[in-house]
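# quick check, what structure comes out for this input:
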Amino acid sequence: MGTPSSCEIDLGLAVLSVLIEPGMTVTRGDLAEVCGCSKYRIEEIEKQALKRFERLARQKGLHDYLDE
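Modelled structure (predicted):
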């Protein structure tokens, strides 16, 4: 089994978002298992998403809402 594509990871996240109930905790390990990748890859994706969010928030003048 090779490295999953971003489409496969997106599909895993979409399925998981339907299956979990509000308030349920999902660990990086759980995410990795559903998406077919490693916990490290989930961590990388999380870091990339946070950087992207911070950049967009600053561009839109929402920097007051960011934790520094």
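# in this structure, which residue is most central in space?
Centroid-nearest residue in the chain, with CA atoms, centre = their mean: Glu46, separated by 4.7 Å.
# next, count neighbours for Cys37.
Using other CB atoms under 10 Å, Cys37 is surrounded by 19 other residues. C-beta here means a position set from N, CA and C on the backbone, and glycine is covered the same way.
# that one in helix, strand or coil?
coil (DSSP: H, G, I helix; E, B strand; the rest coil).
# for it, give its distance to Ala14.
Distance of Cys37 to Ala14, given as CB to CB, to the nearest Å: 15 Å.
# cool, and Lys51?
To Ala14, Lys51 is 22 Å away according to CB to CB.
# again, but for Glu43
Using CB to CB, Glu43 is found at 20 Å from Ala14.
# Gly29 too?
According to CB to CB, Gly29 stands 19 Å off from Ala14.
# now Cys7
For Cys7 relative to Ala14 (CB to CB), the value is 10 Å.
# of the two, who's got more company?
Per other CB under 10 Å, whichever of Cys7 and Ala14 has more neighbours is Ala14, with 11 against 8.
# what helix or strand is that one on?
Assigned by DSSP states H and E, Ala14 belongs to helix 6-19.
# equivalent analysis for Gly29, please.
helix 28-35.
# tell me the angle that helix makes with helix 6-19.
Put simply, helix 28-35 runs at 110 degrees to helix 6-19, going by axes from the mean of the first three to the mean of the last three CA atoms, to 10 degrees.
# what residues sit buried inside the following helix or strand past helix 28-35?
For helix 28-35, the following helix or strand on the C-terminal side (DSSP H and E) is helix 39-59. Buried positions in helix 39-59, judged by neighbour count with 16 or more other CB atoms under 10 Å: 41-42, 45.
# which single one of the residues you listed is nearest to Leu19?
Closest to Leu19 out of the buried residues of helix 39-59 is Ile42 (16.8 Å), distances taken as CB to CB.
# which residues touch that closest one?
By CB atoms under 8 Å, 6 or more residues apart in numbering, the residues touching Ile42 are 28, 31-32, 35.
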